[in-house]
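Asks: need a structure here:
(chains A and B)
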Amino acid sequence: MYAWLVNILGFSTVVAPLLLLMVISCSLLLQRQLLEGTIARWMKGTIGVALVAAIGVLVIMLWTKSYREEIDFGNLVTINDVHFHFHLSFIFDRLSVPMVILSLALCFTIGSFGISYLHRDAGFHRFFLFFSMFTVGMVFASLAATIETLFLGWEFVGLSSALLIAYFQDRVSPVANGLRVWIVYRIADAAFLTAAVLLHHQTGEGQFITMLGSEAWPYGVSTLSNGVAFWVGFFLLIAAAGKSGLIPFSGWLPRAMEGPTPSSAVFYGALSVHLGAFLLLRISPIIDQSFPLRCLVIGLGLATAVYAAFTASVQSDVKSSLAFSSLTQVSIIVVEIGFGFQYLALIHLVGHACLRTLQLLRAPTLLRDYKTLENALGDNLSLLTPSWIQWAGPTVQRRLYRAAMERGYLDAILDDCIAKPFIAVFRVFDRLEHAWIRILDGDSKRISEISSSLDTRKTGASANSISKSVEIEVRKDH
Amino acid sequence: MNELRLPWLEFAILIPMLASFITWRTHAADKKRFVSIVASGLTLLVTLAAWIDFESLFTYEAQDHWDGIIAILGRQELLIDQLNAPLLSLTCFLFLLTFLATPRVKYGIYSFSNGLILLAITLAILSTKDQWPLIGLLALQTLPLSWEVRGQGGSTRVFWVHMIVFILMLIGGGWIYQITSSPWWHGVAISLWTIAVFIRSGCFPLHCWISDMLIKASFGTSILFVTPMIGAYAAMRLIVPIAPDWAMRGIAFISLATALYAACMTIVQNDARRFFCFLFLSQSSLVFVGLETSSSIGLAGALCVWMSVALALTGLGLTLRCIESRTGPISLLKYNGLYAAMPNFAGFFLITGLSCIGFPCTLGFIGSELLIDSAIEFSPWVGFIVVASTALNGIGIMRAYFRIFTGIKYESSIPISSMRAERIAILAITILLIGGGLVPQLIVNSRYKAAVEILEHRTK
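Replies: The predicted model follows:
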């Protein structure tokens, strides 16, 4: 009876953020920059419409006691001969509806905050371009009914996050951190893509209903064989670990706080960091099917929780401390998923995201808040040391402190064991190639020298005269 | 065999040849550029007309319609089929955009006349299927680039060392294939052709000439010499129809190694042109990986990747070329911070770069998906290596983006933003990349039909 209304509302939830992305990106590509006020209206209008529509879907679902509604956009690609379909559809169920409402509500809040926070900032338009991309990614990932659609949203979130971290792009540090986060995300993406294609290959299509059973979430039963379930789950666990900063990828989380304060930081405290846990929730029937996989999920969650709790307790800046506190809770959510408490994990996720948003928004005024509290108490706030740590000897305490302060040496281990050897090996190959070209060329000059001398000779000019010619041309053009 | 209604293919080859003569005789650089743009635009229209004409015939392949060629060569050598119909238009489009995006500062380096000759030869190659004309044209195509490097006073030794082996292998393979019908000798001929294709495509370890050429020749000519992926075309025409499975596996194995090796090398490059070179080598090698799977989906995926990589990497190359024309050689060793000075180029760099690695909502996405799907079916390891290569290329692209556009603030006393012609050129590619990503069915249908036909001919 209400199917048409659900379709309209569901369609609006998906399309409205997409419209925002299209408007901002087209204006930038065509060099027709919108006014700040126009962007603000578009942002509030589109995300507001999407949020109201999502709440509308929730109300109708509660009213009609429906547990699952699907909005079908049809096949993006069909090859009938070989039964290949790339299906684009979105699902509203007990997992996706809370997640999409949470995402849109937080994006609306942060967007509104960002409009005044970044007022007259040189990167205002750039910020809202990435912000709209992030929102689209979150909506797509939350509502995805197929693994491919989820991957699409996943990639959008990854790209926008990395670019937002590098928002203050005139400094090296945010850019280097943005690149580092991107590297972790690419590893996660590669794992996700492998799992997605494996699933697609096994089931012939990527729809969750086909592989997780027709029962509504969380009562689905995996239709995959045990072996496939393990490997698919394993790759998705790597993807989730990358996105949610679980061990060994935890190092990126405090680095993500380089983005504009506090708006982009909120993404990593509130939404982006939970996307990995959301993925595990979505595939929970697969985790339930494979006992070794379940053990892996619980083990990884526990290890990360202990690590993050230790690290959070010694951080000297509020954002890093919040980042690792966030990670502790995300890891506990992962453990809950591993034990099969899907509802608990979902409630934990929503509650935690809201709490962290509040904390991160208050982070810049933390000292003032402390002062207010101390004035009210009439005394200094005490620094409590956990009692159990007293049991350990001073040497152990010192070592633990140092390891926690260095964030478990995770970044150093990854750098020393993977990144540096990799770079060193391929730099050697690069040098060998240069040497080989020199031998073939019968020339002792370095290629780069040849290149620079040729470039100067070819143009018959130095960089200055190049610039002058370009200047004349640009002036003519304008 | 069916015939086209008009001699479109002859027109497509003759127009740039004629225009090349005109530009050679013209001294004014502006006029040369104008003639080149008009000629390549006309050629694009003619190739599009040929494609439409061919589609309306509902056939696998059709000959061109002109008795002149038959009178000269004794038979009609030019034909259009499912494989080359879109490639002809794509090639013209890439040349047109390169001519359009050539800034005045490059007029002294870039030879429009050579560019037009290259276009004519490339179109002739793409319209040819028979062994000897194809071998002859492939050999001929090496000349314009060599002339250009010689004209600049650069050394062509590395280029010619490779190209002489390439040509000898092509001729040797053709000769052996013709004189004997023994399967063993046919295997030798296919092996020689395979080595030739490896050299032309820049497969590891025979790829050094591409990085050398990209540095020594003008960027525009280099881009146009490599991005239409003539090596892959030669493989489709010479090797795929007759090669036994072991040869196909060998090609795919070497290509897989190239894809991974070049992807790793992309990350450690300190020069933008060499970065472009390895990115191209890695992504273009994936086209050959599709051959190994021997499935219609895998081959269709490979052909889609071919289109998307050609478009995206031409766009990326043109963006780098435009930046180079303003700042000189781009070093990736340091941060250049060019975003504020040229935000448009930053956007184009990101879009074209991400498209070539198959980022969602771009043309490359569906191609990569099809390719990886069939690769995993063939062997999970093959699929994993393809995914790993793509992930590494993604890291390389973002690293290059950050190094070129961010990190510091580039101070320029003069405006160096993009010009209208450059914007139009790169915007056109961007629209095709994103449009193709949002509505990929058309291109997938075309490539799937081509893949099915290729596999059917191979089975026969």
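
Asks: tell me the predicted confidence for the nearest residue to B:Ile171 once chain neighbours are set aside.
Replies: Excluding the flanking residues, the one nearest B:Ile171 by CB to CB, 6 or more residues apart in numbering or on different chains is B:Ile135, at 6.3 Å. Every residue, glycine included, has its C-beta placed from N, CA and C. B:Ile135 is assigned 93 on the pLDDT scale.

Asks: where does B:Ile135 sit: helix, strand or coil?
Replies: Under DSSP: H, G, I helix; E, B strand; the rest coil, B:Ile135 falls in the helix class.

Asks: give me the number of residues near it?
Replies: Applying other CB atoms under 10 Å in any protein chain shown, we find 22 residues neighbouring B:Ile135.

Asks: same question, the one 10 residues further on
Replies: By the measure other CB under 10 Å, the count of residues near B:Leu145 is 23.

Asks: mind checking the SS state of it?
Replies: Here B:Leu145 is recorded as helix under three-state DSSP.

Asks: quick check: the gap between it and chain A.
Replies: Look at B:Leu145 and chain A: by CB to the nearest CB, to the nearest Å, they are 15 Å apart.

Asks: for the stretch 101-250 of chain B, list the residues in contact with chain A, please.
Replies: Selection of the stretch 101-250 of chain B residues close to chain A by CB under 8 Å from any CB of the partner chain yields B:103-105, B:108-109, B:152-155, B:157-158, B:161, B:208, B:211-212, B:215-216, B:218.

Asks: quick one: the strands in chain B?
Replies: Secondary structure of chain B by DSSP state E: the strands cover B:2-3, B:61-63, B:79-81.

Asks: any low-confidence regions in chain A?
Replies: Scanning chain A for pLDDT under 70 picks out A:1, A:204-205, A:261-266, A:383-388, A:443-478.

Asks: hmm, the lengthiest helix in it in reach of chain B?
Replies: The single longest helix within chain A, with elements called by DSSP state H, is helix A:172-203. Yes. Under the criterion of CB under 8 Å from any CB, chain B is reached by helix A:172-203 at A:172, A:175-176, A:178-179, A:182-183, A:186-187, A:189-190, A:193-194, A:197-198, A:200-201.

Asks: for ChimeraX, write the select line for the buried members of the residues you listed.
Replies: Those of the residues of helix A:172-203 next to chain B that count as buried under 16 or more other CB atoms under 10 Å in any protein chain shown are selected in ChimeraX with:
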select /A:175,176,178,179,182,183,186,187,189,190,193,194,197,198,200,201
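
Asks: about what we covered before: ok, the residue nearest to B:Ile171 touching B:Gly174?
Replies: Yes. At 5.3 Å, B:Ile135 counts as touching B:Gly174 under the criterion of CB atoms under 8 Å.

Asks: for B:Ser40, give me the pLDDT.
Replies: Per-residue confidence for B:Ser40 comes out at a pLDDT of 94.

Asks: what is the neighbour count of the nearest residue to it once chain neighbours are set aside?
Replies: Using CB to CB, 6+ apart and skipping the chain neighbours, the partner closest in space to B:Ser40 is B:Leu96 (4.0 Å). By other CB under 10 Å, the residues close to B:Leu96 number 22.

Asks: who touches B:Leu96 in this structure?
Replies: B:Leu96 makes contact with B:Ile37, B:Ser40, B:Gly41, B:Thr43, B:Leu44, according to CB atoms under 8 Å, 6 or more residues apart in numbering or on different chains.

Asks: mind checking which of those residues are in helices?
Replies: Using DSSP H, the subset of the contacts of B:Leu96 located in helices is B:Ile37, B:Ser40, B:Gly41, B:Thr43, B:Leu44.

Asks: correct me, but the second one touches B:Ala12?
Replies: When you say that, I think you mean B:Ser40. No. Taking CB under 8 Å as the definition, B:Ser40 is not a contact partner of B:Ala12, at 10.4 Å.

Asks: find the residues that touch each one of these two.
Replies: Counting by CB under 8 Å, 6+ apart, the residues touching both B:Ser40 and B:Ala12 are B:Cys92.

Asks: neighbour count winner among the two?
Replies: Between B:Ser40 and B:Ala12, B:Ala12 has the larger neighbour count (other CB under 10 Å), namely 31 against 27.

Asks: what's the nearest residue to that one if we skip its chain neighbours?
Replies: Once flanking residues are discounted, B:Ala12 sits nearest to B:Val46: 4.7 Å by CB to CB, 6+ apart.

Asks: for A:Tyr219, what are its contacts?
Replies: Here A:Tyr219 is in contact with A:Gly213 (CB under 8 Å, 6+ apart).

Asks: try 10 Å this time
Replies: By CB atoms under 10 Å, 6 or more residues apart in numbering or on different chains, A:Tyr219 lies in contact with A:Tyr67, A:Arg94, A:Leu212, A:Gly213, A:Pro285, A:Gln342.

Asks: can you tell me the SS state at it?
Replies: Here A:Tyr219 is recorded as coil under three-state DSSP.

Asks: with A:Ser66 instead?
Replies: Three-state call for A:Ser66 (three-state DSSP): coil.

Asks: contacts only, for it.
Replies: Applying CB under 10 Å, 6+ apart, we find A:Ser66 in contact with A:Tyr2, A:Ala3, A:Val6, A:Val57, A:Ile60, A:Phe92, A:Asp93, A:Ala216.

Asks: now neighbour count too, for those, in JSON lines please.
Replies: Listed next are the contacts of A:Ser66 as JSON lines, based on neighbours: other CB atoms under 10 Å in any protein chain shown:
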{"residue": "A:Tyr2", "neighbour count": "15"}
{"residue": "A:Ala3", "neighbour count": "11"}
{"residue": "A:Val6", "neighbour count": "21"}
{"residue": "A:Val57", "neighbour count": "28"}
{"residue": "A:Ile60", "neighbour count": "19"}
{"residue": "A:Phe92", "neighbour count": "26"}
{"residue": "A:Asp93", "neighbour count": "21"}
{"residue": "A:Ala216", "neighbour count": "15"}
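
Asks: walk me through the domains of the chain.
Replies: No chain was given, so I picked chain A. Residue ranges for the domains of chain A, per automatic domain parsing: A:3-367, A:411-477.

Asks: other chain: chain B
Replies: Taken from automatic domain parsing, chain B resolves into B:1-151, B:242-460.

Asks: next one: the longest one to chain centre, how far?
Replies: Computed by CA atoms, centre = their mean, to the nearest Å, the chain-centroid distance of domain B:242-460 equals 11 Å.

Asks: is chain A within reach of stretch B:400-408?
Replies: Yes. Using CB under 10 Å from any CB of the partner chain, stretch B:400-408 reaches chain A at B:Tyr401, B:Phe402, B:Arg403, B:Phe405, B:Thr406, B:Gly407, B:Ile408.

Asks: which ones are touching the last one?
Replies: The contact partners of B:Ile408, by CB under 10 Å, 6+ apart, come to A:Gln169, A:Asp170, A:Arg171, A:Val172, A:Val175, B:Lys334, B:Tyr335, B:Asn336, B:Gly337, B:Leu338, B:Ala340.

Asks: quick one: B:Leu116 from A:Val184, how far?
Replies: According to CB to CB, to the nearest Å, B:Leu116 stands 47 Å off from A:Val184.

Asks: neighbour count for those two, which is higher?
Replies: In terms of neighbours (other CB under 10 Å), B:Leu116 is the more surrounded of B:Leu116 and A:Val184; the figures are 29 against 23.

Asks: what's the distance between that one and chain A?
Replies: Here the criterion is CB to the nearest CB. By it, B:Leu116 lies 20 Å from chain A.

Asks: could you do B:Ala196 as well?
Replies: Distance, B:Ala196 to chain A, by CB to the nearest CB: 18 Å.

Asks: any stretches of chain B with poor pLDDT?
Replies: Residue ranges of chain B with pLDDT under 70: B:1, B:66-74, B:76, B:459-460.

Asks: again, 80 this time
Replies: Residues of chain B meeting the criterion pLDDT under 80: B:1-2, B:64-77, B:104-109, B:152-154, B:291-294, B:376-380, B:411-418, B:457-460.

Asks: let me see the contact set for B:Phe365.
Replies: A:76-77, A:86, A:148, A:151-152, A:155, B:304, B:308, B:354-355, B:357-359, B:436-438, B:440.
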